[in-house]
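Q: Coordinates for the following, if possible.
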Amino acid sequence: QVQLVESGGGLVQAGGSLRLSCAASGRTVRNYEMGWLRQAPGKEREFVAVINWSGGGVYYADSVKGRFTISRDNVKNTVYLQMNNLKPEDTAVYYCAADSRTALRMGRPGYWGQGTQVTVSS
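A: Down below sits the predicted model:
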């Protein structure tokens with residue numbers, strides 16, 4: 001079993017920054033790659049970023065490349081998403097997720113958290 005708890009969402013103006021955190025727990029959590037997905041109103045859930053527990057294998061969706069940074073703290077079992085230069089189109093519920101890289105990039109992970117709302121005003 002894997003448990004994921006996100007925090008750090010909120011309301012920010014365009015051009016601003018937010019940092020999301022994901023506390024991961026469970027005996028098998030280190031078996032999976034970790035990622036962030038998001039879902040905007042009326043849209044399907046989409047892949048944002050992925051990282052493995054060794055800190056490598058970082059990959060981003062084109063829409064966030066150069067603005068978002070995924071990282072992890074192995075001591076705290078926490079994954080972060082630093083979001084800079086936010087745009088109104090980044091508005092969505094952001095989910096921390098765990099599974100294979102393929103499942104994460106397809107937006108169909110086996111494990112995900114409850115989500116945290118990010119709203120970017122213009």
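
Q: State the distance from Leu4 to Gly10.
A: Distance, Leu4 to Gly10, by C-beta to C-beta, to the nearest Å: 19 Å. All C-beta spots, glycine's among them, are computed from the backbone N, C-alpha and C.

Q: which of the two has more neighbours?
A: Neighbours per residue (other C-beta atoms under 10 Å) separate Leu4 from Gly10, with Leu4 holding more: 22 against 13.

Q: quick one: which helix or strand includes that one?
A: For Leu4, the element it lies in under DSSP states H and E is strand 3-7.

Q: Tell me which other helices or strands that strand touches.
A: strand 18-25, strand 92-99 (3 or more C-beta pairs under 8 Å, 6 or more residues apart in numbering; DSSP states H and E).

Q: need these in CSV with mean neighbour count and mean pLDDT, can you?
A: Listed next are the helices and strands packed on strand 3-7 as CSV, based on neighbours: other C-beta atoms under 10 Å; pLDDT from 0 to 100:
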stretch, mean neighbour count, mean pLDDT
strand 18-25, 19, 97
strand 92-99, 24, 98
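
Q: Ok, which of the ones you listed comes nearest Thr119?
A: Thr119 lies closest to strand 92-99 among those, at 8.8 Å (C-beta to C-beta).
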